[in-house]
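Participant: My questions concern the predicted model and sequence given below.
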Amino acid sequence: MGAVDLTQFHKTFFEESLEGLDAMEAALLALDSGSTDHELVHTIFRAAHSIKGGAATFGFAEVAAFTHVAESLLEEVRSERRGVDGELIDLLLRSVDCLRAMLDHTSHGLPAADADSEALRGELVRLVSGEAAPAPAATTAAAASVDGWAIRFVALPHLLQTGNDPLRLFRELQQLGRLDVCRAFVVDAAPTQLAELDPGQCWLGWELRLHGAVARAEVAAVFDWVEGDCELAIEPIAPAASAAPVAPVAVAPPVAAPAASAPRPVRETAAASSEGSSIRVGIDKVDALINMMGELVITQSMLSDIGEHFHPSQLERLREGLLQLERNTRELQESVMRIRMLPIGSVFNRFPRLVRDLERKLGKQVKLELHGEHTELDKTVLEKIGDPLVHLVRNAIDHGLESPEQRRAAGKNETGTLRLDAYHEGGNIVVQISDDGAGLNRAAIVAKAEQRGLIRPGQEVDDAEVAELIFQPGFSTAAQATDLSGRGVGMDVVRRNVRDLGGSVGVRSQSGKGSVFTIALPLTLAIIDGLVTAVGEERYIVPLISIVESLRLRPEMVRKIAGGGEVFHFRNEYLPIMRLHRAFGCNAAITEIERGIVVVVEEEGRRVGLLVDDLLGQQQAVVKSLEAHYQRVQGISGATILSDGSVALIVDVCGVVRLGQRSKAA
Amino acid sequence: MGGKRAAKNKQPTAVADEAAVVCLPADCRLAAQAALKAQLQQVLQHGDIVIDAQALERIDTAALQLLVLFRRELEHNGGALAWRGTNEVLHEAAALLGLEQSLNLPTATSA
């Protein structure tokens, strides 16, 4: 409990620790796949070490204790006293999972340790140092006095002003082993008169004994931050000496327990307030932003200068200035958007582990290839794309790739290849999951679809339609049930999730050669390119990405069909006409089809013509959520503000198409 | 810091017949210690002093040091220091720093 309130750093600690765990996991997997790079071991060790240090600083004793044992094990690996084998990596991977759960609990103010974590910690302890030594980790400090350290620590007067408090240091030492204060004293240089004392200066010194099998480096690490602010001596104590009676002012042992648990109420309040996520931004991006801001200010002052003493002869300069302003604004917008962009690698990184686990479980051999990890994606999109991707990868390994025997029989390499690609295409990010497995089982899918009544028995279906079938709601994977199915996510959910992000998902498959799932995602959800259309007195924005073509129809192109629907002939097919003014109830709109304009939009391979009055132009629209300000409206995905300050609604093409189908059915 | 001595305008928090009482604030960390020091200085000549820790919630090394030095000077002047309402926070911090005896703290009741 220093003068600084530590709870404000909790969130950063959790974020950094989770990053550290990710790094640990990645390095462990690299080791597992046969890499002998010594740097990997260092990476793992460093990650564990900083989590331990942080946890101890913030008083998360259980996390610190757990990490401490893992770290001791890693230390043995690092100093090459222990070899790396599959078993060890398994154990460490489980420790990573366990730590993740512990951090999660801690961040919600729950007790971190449970039976599982204790069992795992026991396993680690047993492995460390061969000897069934009691955990050097603090809290179980029943500890027979083995070796320990005699520490002489004398604060220099300015120690407290560096924000360090001996109380915190001693608590950290308690995490390492049983701590006895042999002597606490006031240094001779201390002022004798209270009047002369500056309460901010420290005049105390201590002689301590730390009992336990602790490395010197760990003890020294506790004092890392006060180097130069104190006199410090750390000497080993012989086993005999440590048993000697100590202390005129020895600490009563029962006090050690409350010491570890005291900070708990603090962390609960902190957890409650640490909702809301943050983002880490590269300093180069921030610099670019500041540069851009500078340019904008220059342009602004130039313009206001012109405005001050305007003369018609300066018109040309004014235009130039406005042009520059437009350029600055656009660049600034791009830079700001770039701040939200994160590499997709952060999502890809979880797959090596997933693939490894699935391999073991299913007895298949999979080679995972990752490409385009540096492709950047909006943070929101990135967070939501994880689960669909996991599902697709799981599917590919479970259903797509065959067992080694089947592969050998088919004349293929026993090890199947699963490839993840991410790249830019147009205004989209494309993520592909391809495998060289058996491809979609056409016969089974068709049979299943007939059984579910999705198609008529004997109906001719082409490959594209078969592929489309697996995305249908109700097309359960039960037909291909394995222990991995029944996790509650079907392909229809994948499609829905992707669609919620404004993207699309499709599949191409070749029997015996494998399948390719392609997800196309918008770069960002915050800005769309749209076509501004007029419908009556309203303005609607149609996302450019779904527009195929806009055309004016001649009366003879339009057919009325039974049930009140209208269709028109468009490139060898008939498309339904969706009157926007009717769908959204707009007044004073053009109702004769031949006087308005039809915008042909496509969504999931389905095309519809939207009837609008006029096209007003193309514009980038900053999407504002309608739900946040009003409520969800069918067929509308959001709103934006036009240059004249009026509000325009953004058409949710998918929703409108569905709306059209429903009104047709009604 | 200023030329005026705070002692002139402030009386000890409560004065019993024999012992003066000084109460520790809830947050007795660095920021609170100028005030605490002024209070303690006033009662240095008072003889027996009681420190009331009932309200205490947070304390740091600097505060404990202040109290240790206070007791030293108080006893030098022939006074004695006693405690009232000591709590877990105080005992824990004092024990960790090995200052229980120097502060004349009563033995901790178990947690």
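Facilitator: Arrived safely.

Participant: Would you list the phi and psi of the residue in chain A that chain B sits nearest to?
Facilitator: Of all residues in chain A, A:Val181 sits closest to chain B, at 2.9 Å by C-beta to the nearest C-beta. The C-beta positions use only the backbone N, C-alpha and C, and glycine is treated the same way. The phi/psi pair for A:Val181 (degrees, to the nearest 10) reads phi -90, psi 110.

Participant: Look up the residues forming beta bridges with it.
Facilitator: Note on A:Val181: beta-bridge partners by DSSP bridges are A:Leu208.

Participant: Surely it and B:Ser102 touch.
Facilitator: No - look at A:Val181 against B:Ser102 with C-beta atoms under 8 Å: they stay out of range, at 10.9 Å.

Participant: Which secondary structure element is home to the nearest residue to A:Asn328 once chain neighbours are set aside?
Facilitator: Nearest non-adjacent residue to A:Asn328, counting by C-beta to C-beta, 6 or more residues apart in numbering or on different chains: A:Leu296, 4.6 Å away. Using DSSP states H and E, A:Leu296 sits within helix A:283-308.

Participant: got it, and A:Glu25?
Facilitator: helix A:10-32.

Participant: Pull out the buried positions in that helix.
Facilitator: Across helix A:10-32, burial judged by 16 or more other C-beta atoms under 10 Å in any protein chain shown covers A:10-11, A:13-18, A:20-32.

Participant: Also stretch A:407-423?
Facilitator: Neighbour-count burial for stretch A:407-423, counted by 16+ other C-beta under 10 Å, picks out A:Arg407, A:Lys412, A:Gly416, A:Thr417, A:Leu418, A:Arg419, A:Leu420, A:Asp421, A:Ala422.

Participant: Residues contacting that stretch, please?
Facilitator: Stretch A:407-423 has contacts (C-beta atoms under 8 Å, 6 or more residues apart in numbering or on different chains) with A:344, A:348, A:351, A:355, A:364-373, A:375, A:377, A:389, A:393, A:396-397, A:400-402, A:404, A:429-438, A:512.

Participant: mind checking how far it is from the chain centre?
Facilitator: The chain centroid and the centroid of stretch A:407-423 are separated by 28 Å under C-alpha atoms, centre = their mean, to the nearest Å.

Participant: circling back to that earlier point, which ones among the contacts of stretch A:407-423 lie within helices?
Facilitator: A:Phe348, A:Phe351, A:Val355, A:Leu389, A:Val393, A:Pro404 (DSSP state H).

Participant: List just the nearest of those residues to A:Met292.
Facilitator: A:Phe348 (30.5 Å; C-beta to C-beta).

Participant: returning to that earlier point: name the helices or strands packed onto the helix holding A:Leu296?
Facilitator: Contacting helix A:283-308 under the criterion 3 or more C-beta pairs under 8 Å, 6 or more residues apart in numbering or on different chains; DSSP states H and E are the following elements: helix A:315-339.

Participant: how deep is A:Leu454 tucked in, by neighbour count?
Facilitator: Other residues near A:Leu454 come to 18 when the count uses other C-beta atoms under 10 Å in any protein chain shown.

Participant: Using the three-state scheme, assign the closest residue to A:Ser625 other than its chain neighbours.
Facilitator: What sits nearest to A:Ser625 in space, not counting adjacent residues and going by C-beta to C-beta, 6+ apart, is A:Gly638, at 5.8 Å. Following DSSP: H, G, I helix; E, B strand; the rest coil, the label given to A:Gly638 is strand.

Participant: Contact partners for A:Gly638?
Facilitator: A:Val623, A:Lys624, A:Ser625, A:Leu626, A:Leu649, A:Ile650 are the contacts of A:Gly638 under C-beta under 8 Å, 6+ apart.

Participant: For A:Thr591, list the residues it contacts.
Facilitator: Per C-beta under 8 Å, 6+ apart, neighbours of A:Thr591: A:Arg579, A:His581.

Participant: And the pLDDT at the closest residue to A:Asp652 other than its chain neighbours?
Facilitator: In space, and not counting its chain neighbours, A:Asp652 is closest to A:Ser637: 3.7 Å by C-beta to C-beta, 6+ apart. Looking at A:Ser637, its pLDDT is 82.

Participant: got it, and A:Glu123?
Facilitator: The per-residue pLDDT reported for A:Glu123 equals 84.

Participant: so it is in which element?
Facilitator: Per DSSP H and E, the secondary structure element for A:Glu123 is helix A:115-127.

Participant: Each with direction, which strands does the next helix or strand after that helix pair with?
Facilitator: Using DSSP H and E, the helix or strand that follows helix A:115-127 towards the C-terminus is strand A:148-155. With DSSP bridges as the test, strand A:148-155 is paired with strand A:204-211 (antiparallel), strand A:230-237 (antiparallel).

Participant: Distance from the chain centre to the last one, please.
Facilitator: If I follow you right, that is strand A:230-237. Centre to centre, stretch against its chain (C-alpha atoms, centre = their mean), the figure for strand A:230-237 is 44 Å.

Participant: The residue nearest the centre of chain A in helix, strand or coil?
Facilitator: Chain A has A:Glu383 as the residue nearest its centroid, 5.0 Å off, counting by C-alpha atoms, centre = their mean. Look at A:Glu383: counting by three-state DSSP, its state is helix.

Participant: Distance check, it against A:Ile279.
Facilitator: To A:Ile279, A:Glu383 is 11 Å away according to C-beta to C-beta, to the nearest Å.

Participant: so where's chain A shaky on pLDDT?
Facilitator: Residues of chain A meeting the criterion pLDDT under 70: A:1-4, A:35-36, A:129-147, A:238-277, A:426-427, A:474-489, A:524-526, A:604-605, A:660-666.

Participant: Now do the SS call for the residue of chain B found nearest chain A.
Facilitator: Nearest residue of chain B to chain A (C-beta to the nearest C-beta) works out as B:Gly98 at 2.9 Å. Here B:Gly98 is coil, with the state taken from three-state DSSP.

Participant: Which residue, neighbours along the chain excluded, lies closest to it?
Facilitator: Per C-beta to C-beta, 6+ apart, closest to B:Gly98 is A:Val181, 2.9 Å.

Participant: Likewise for A:Ser346?
Facilitator: Going by C-beta to C-beta, 6+ apart, A:Ser346 has A:Leu382 as its nearest residue, at 6.9 Å.

Participant: residues in contact with that neighbour?
Facilitator: For A:Leu382, the contacting residues are A:Leu342, A:Ile344, A:Ser346, A:Val347, by C-beta under 8 Å, 6+ apart.

Participant: which one is the last one nearest to, not counting chain neighbours?
Facilitator: Leaving out its chain neighbours, the residue that sits closest to A:Val347 by C-beta to C-beta, 6+ apart is A:Gly386, at 5.1 Å.

Participant: Next, the angle helix A:315-339 makes with whatever helix or strand the one you found lives in.
Facilitator: For A:Gly386, the enclosing helix or strand under DSSP H and E is helix A:379-395. Helix A:379-395 and helix A:315-339 are oriented at 40 degrees to each other (axes from the mean of the first three to the mean of the last three C-alpha atoms, to 10 degrees).
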